[in-house]
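K.L.:
Got a predicted model here, sequence first, then my questions.
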Amino acid sequence: MANPQRPGETNRPAPVREGKSYACKVEALRALMRGVEYYIIDPEDEYRRICDAVGGQYIRLSGSSAHHINPFDLAHGVERDGETRDALTERLLALQGLLGLMLADRGNSLGQRERGALDRALLETYGRAGITRDPSTHGKQPPVLRDLYDVLREGEDPLGLADRLERFVEGSLGNVFSSPTSVDLERPFVVFNIRDLEPELRPLGVYLIADHIWREVRRSRKPRMLLIDEAWSLIQHEEGARFLASMARQARKHYLGLTTVTQDVEDFLATAEGHTVLANSSVQLLMRQDSSTIDAVTSTFRLSAGEREFLLSCRKGEGLFFASGNHLALRIEASPFEHELATTDPAELVARDEEVRDGSR
């Protein structure tokens with residue numbers, strides 16, 4: 001990888017550090033310089049420094065945050081390539097996926113009766129807001145999740161859907177999942193922080209954000225990249241896995257690149273959808289593995305004995321790069337400026353904080 005420098009910076013040796021997140025940060029910075037808009041779903045608040053440095057937009061989803069995304073928003077008035085989209089039908093399908101994540105037991109999907117009941121309730125919810133299949137109604141204020149809850153609670157609900165939905169519309173979760181949208185994607189670098197969501201809610205946050213971005217990128221074609229860190233949290237749920245696989249198949253034709261990052265290779269590849277994501281990936285980067293994952297990685301990527309040993313023994317910043325049938329060993333190198341923004345080494349961060357404090361005295 002190239003080593004861009006700031007004006008006036010001397011040609012010092014570039015530091016080599018860290019692993020997958022470090023590599024993703026360096027790639028994000030360089031893609032931004034090439035004019036690619038970059039969206040990141042960040043589960044550990046690792047991309048804030050980069051976001052601040054490039055003047056990006058930082059969005060935090062939590063019960064106390066002012067940032068909200070309404071999954072009921074319609075992509076109204078969008079026409080491209082001579083085709084008019086059926087925005088309401090698209091939204092109903094996306095909502096079925098989100099509600100499947102919310103209401104189904106982990107590892108399962110909703111049954112036909114549940115999906116049918118939700119479909120009828122969703123149409124009623126939009127109808128009460130004055131929105132029908134007529135495109136002229138799609139500019140009206142969309143409903144929110146609480147409106148669906150009210151429809152379910154007021155009608156016959158033998159399947160208990162309202163009871164299961166209640167926790168997502170009451171209390172702090174109501175702010176996360178049942179409020180009008182208050183974010184936009186106007187800046188070329190946007191970070192969505194989901195660290196403050198409980199672990200069981202993170203797949204919902206990832207789905208909500210990715211669906212919002214997917215809806216927006218289909219409005220116009222321009223180079224964009226979506227990075228989903230710890231994508232295994234979504235792939236382990238049937239509806240989430242189906243959504244991610246569908247996005248992987250369709251992203252390229254909408255000028256969207258999709259980067260999925262995971263440490264749990266076995267979990268990610270345990271589903272057919274995980275293999276679909278892999279099959280639709282033009283490049284892959286494998287970094288150091290341990291003995292618990294190397295067998296699955298060796299089988300999936302058809303590693304040679306030498307490549308297997310390399311992944312078991314390589315240092316941080318080193319890995320195998322796969323593209324166009326070629327396997328290449330590489331090392332992630334960053335300029336001092338890039339390293340300053342990308343590192344998460346605690347010792348370096350503490351030393352930097354001390355320098356700042358000493359300089360302010």
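P.N.:
Now that the structure is in, tell me what you want to look at.
K.L.:
At the geometric centre of this structure, which residue do we find?
P.N.:
By Cα atoms, centre = their mean, the mean C-alpha position of the chain lies nearest to I228, the distance being 3.5 Å.
K.L.:
show me what contacts the residue lying closest to S109 once chain neighbours are set aside?
P.N.:
Leaving aside its chain neighbours, S109 sits nearest to E238 (4.6 Å; criterion: Cβ to Cβ, 6 or more residues apart in numbering). Using the backbone N, CA and C atoms, a C-beta is placed for each residue, glycine as well. Shown in contact with E238 (Cβ atoms under 8 Å, 6 or more residues apart in numbering): 100, 104, 107-109.
K.L.:
E238 and R215: what is the separation?
P.N.:
Using Cβ to Cβ, to the nearest Å, we find E238 at a distance of 22 Å from R215.
K.L.:
What ranges in the stretch 151-300 of the chain fall below the confidence cut-off?
P.N.:
Within the stretch 151-300 of the chain, no stretch has pLDDT under 70.
K.L.:
now the helices for it?
P.N.:
Along the stretch 151-300 of the chain, counting by DSSP state H, counting those that start in this stretch, helices occupy 161-165, 171-177, 202-217, 232-235, 238-250, 265-268, 272-279, 294-301.
K.L.:
burial count for V265?
P.N.:
By the criterion of other Cβ atoms under 10 Å, V265 has 19 neighbours.
K.L.:
can you pull out the strands in the stretch 251-361 of the chain?
P.N.:
Remark: strands assigned in the stretch 251-361 of the chain by DSSP state E, counting those that start in this stretch are 256-260, 283-287, 318-323, 326-331.
K.L.:
What are the buried residues along the third one?
P.N.:
Neighbour-count burial for strand 318-323 flags 318-320, 322 (criterion: 16 or more other Cβ atoms under 10 Å).
K.L.:
swap in the last one?
P.N.:
When neighbours are counted by 16+ other Cβ under 10 Å, the buried residues of strand 326-331 are found to be H327.
K.L.:
Equivalent analysis for stretch 186-203, please.
P.N.:
Of the residues in stretch 186-203, 188-194, 197, 201-203 count as buried by neighbour count, 16+ other Cβ under 10 Å.
K.L.:
before we move on, what about stretch 64-80?
P.N.:
So for stretch 64-80, counting by 16+ other Cβ under 10 Å, buried means 65, 67-76, 78.
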